[in-house]
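Trainee: Quick one: sequence plus predicted model below, questions after.
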Amino acid sequence: MARRGLIVGKFYPPHRGHKHLIDAARAEVDELFVICCGREGEVPAGELRARWLREIHTDVRVLYLDDTYDAQDSRVWAETSVRLLGRAPDVVFTSEDYGDEFARCLGCRHVQVDKERAAVPVSGTRVRRDPLGCWEFLEPPVRGFYAARVCVVGAESTGKTTLAEDLAEHFQTCWVPEYGREYSERKLAAEGGYDFRSEEFAHIAARQCELEDEAARRAERILICDTDAFTTGVWHQRYMGARSPEVEEIAARHRRPDLYLLTDIDTPFEQDGTRDGEHVREWMHQIFVEELRAQGRPYRPVKGTRGERLRQAVGYIEALLKGFRRG
């Protein structure tokens with residue numbers, strides 16, 4: 001068994017063809033190095049792709065390289081690899097013809113794995129062009145990046161959760177409950193009211209982002225969200241009388257949904273023992289409209305009966321998914 005192996009690639013993005021290559025190489029060596037190369041402006045970024053590879057392959061040494069070299073210059077790549085590894089590897093694994101010359105420059109053996117892509121018929125170009133169509137070839141962290149995200153927003157008691165559940169069932173995927181509601185219910189039970197502090201909204205926004213990112217890894221091409229960090233900012237305005245810079249920053253850093261569905265206030269207000277916003281429903285609805293427009297967040301209104309809302313929402317989402325790309 002060779003002691004040290006090497007794979008060099010862009011992994012743009014990592015897919016199960018890459019996994020097949022890395023797994024095959026790892027089975028042949030004591031220690032495997034993977035150099036992930038990236039250039040400025042690539043989406044997903046090279047550093048992120050390297051983190052994904054470390055998560056997917058926990059027993060592999062993944063290094064990241066800012067790619068400024070000529071892809072055809074095997075000598076330069078060999079010299080760079082030796083510099084990163086400290087010495088030449090015993091064997092190089094590729095799925096390409098360049099491996100012979102690359103290995104010669106390194107003074108080691110070349111093993112070619114599935115050059116014809118027969119074992120896993122996919123490519124990075126194909127994934128970037130049609131990520132949802134390549135879903136079966138993606139690992140959970142990569143799915144989390146590419147999943148289309150749809151967020152349901154609206155004033156209190158306007159059917160957001162019902163619509164989120166219905167959409168998740170229709171598209172056979174998962175949905176993210178509203179963490180703010182869970183938090184508020186605990187607060188009401190413990191304190192007997194909603195005497196909020198600004199920092200509580202920042203916590204709610206951050207936790208909502210975490211739950212969304214976790215669920216995106218389990219989604220079936222599309223993730224349905226019952227509110228998001230942007231929505232938390234509107235609720236901060238409702239209870240605190242002003243926007244929160246901290247909440248706004250959390251929302252700005254997090255990935256934006258690809259589509260918002262704004263539920264209309266044409267539904268009866270249902271008091272479930274925790275709600276206190278009937279008197280501000282119209283005001284909140286208008287705030288949502290104004291903020292969605294001001295921030296350039298794509299949205300579509302849904303109204304009518306439960307069935308009518310579902311049909312409208314499904315139509316909007318299906319239009320979104322046609323030719324969907326990320327980046």
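Mentor: Yep, it's here. Please read all numbers here as calculations on a predicted model, not as lab measurements.
Trainee: switch to C-alpha atoms for all contacts and neighbour counts from now on
Mentor: Noted.
Trainee: show me where the stretch 1-150 of the chain has helices.
Mentor: Along the stretch 1-150 of the chain, the stretches classed as helices by DSSP state H, counting those that start in this stretch are 16-26, 46-56, 74-85, 99-106, 124-129, 140-146.
Trainee: Dump those helices into TSV; add mean pLDDT and distance to residue 152 as well.
Mentor: Written out in TSV, the entries for these read as follows (pLDDT from 0 to 100; distance: least, C-alpha to C-alpha, whole Å):
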stretch	mean pLDDT	distance to residue 152
helix 16-26	97	32
helix 46-56	98	28
helix 74-85	95	47
helix 99-106	96	49
helix 124-129	95	27
helix 140-146	98	19
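Trainee: can you redo those as TSV with distance to residue 210?
Mentor: Converted to TSV, the helices of the stretch 1-150 of the chain look like this (distance: least, C-alpha to C-alpha, whole Å):
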stretch	distance to residue 210
helix 16-26	26
helix 46-56	17
helix 74-85	34
helix 99-106	41
helix 124-129	25
helix 140-146	12
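Trainee: Tell me which of those sits most buried.
Mentor: Scoring the helices of the stretch 1-150 of the chain by mean neighbour count under mean count of other C-alpha atoms under 10 Å gives helix 140-146 as the most buried, with a mean of 21.
Trainee: Who are the packing partners of that one?
Mentor: For helix 140-146, the elements it packs on are helix 198-216, judged by 3 or more C-alpha pairs under 8 Å, 6 or more residues apart in numbering; DSSP states H and E.
Trainee: Could you list the buried residues of the helix it packs on?
Mentor: Within helix 198-216, the residues scored as buried using 16 or more other C-alpha atoms under 10 Å are 198, 201-209, 211-213, 215-216.
Trainee: Closest one of those to residue 137?
Mentor: Out of the buried residues of helix 198-216, the one with the shortest distance to residue 137 is residue 216. That distance is 15.8 Å, counting by C-alpha to C-alpha.
Trainee: just checking, that closest one touches residue 225?
Mentor: No. No contact is recorded between residue 216 and residue 225 when judged using C-alpha atoms under 8 Å, the distance being 9.7 Å.
Trainee: Which single one of the buried residues of helix 198-216 is nearest to residue 183?
Mentor: Taking C-alpha to C-alpha as the measure, residue 204 is the one of these closest to residue 183, at 7.6 Å.
Trainee: residues touching that closest one, list them.
Mentor: For residue 204, the set of contacting residues under the criterion of C-alpha atoms under 8 Å, 6 or more residues apart in numbering consists of 179, 180, 183, 229, 232.
Trainee: so how many other residues sit close to the fourth one?
Mentor: Read that as residue 229. A total of 29 residues lie near residue 229 under the criterion other C-alpha atoms under 10 Å.
Trainee: Then the second one?
Mentor: Here the neighbour count serves as a burial measure; for residue 180 (other C-alpha under 10 Å) it reads 22.
Trainee: tell me the pLDDT at the nearest residue to it once chain neighbours are set aside?
Mentor: Spatial nearest neighbour of residue 180, excluding adjacent residues (C-alpha to C-alpha, 6 or more residues apart in numbering): residue 204 at 5.8 Å. What the model reports for residue 204 is a pLDDT of 98.
Trainee: got it, and residue 185?
Mentor: Value for residue 185, per-residue pLDDT: 89.
Trainee: where's it, which helix or strand?
Mentor: When elements are assigned from DSSP states H and E, residue 185 belongs to helix 179-191.
Trainee: what comes up buried for stretch 179-196?
Mentor: 179, 180, 184, 185.
Trainee: Let me know the closest of those residues to residue 320.
Mentor: Once C-alpha to C-alpha is applied, the member of those that ends up nearest residue 320 is residue 179, at 25.9 Å.
Trainee: contacting residues for residue 229?
Mentor: Shown here is residue 229, whose contacts under the criterion C-alpha under 8 Å, 6+ apart are 204, 205, 206, 208, 209, 247, 248, 250, 251.
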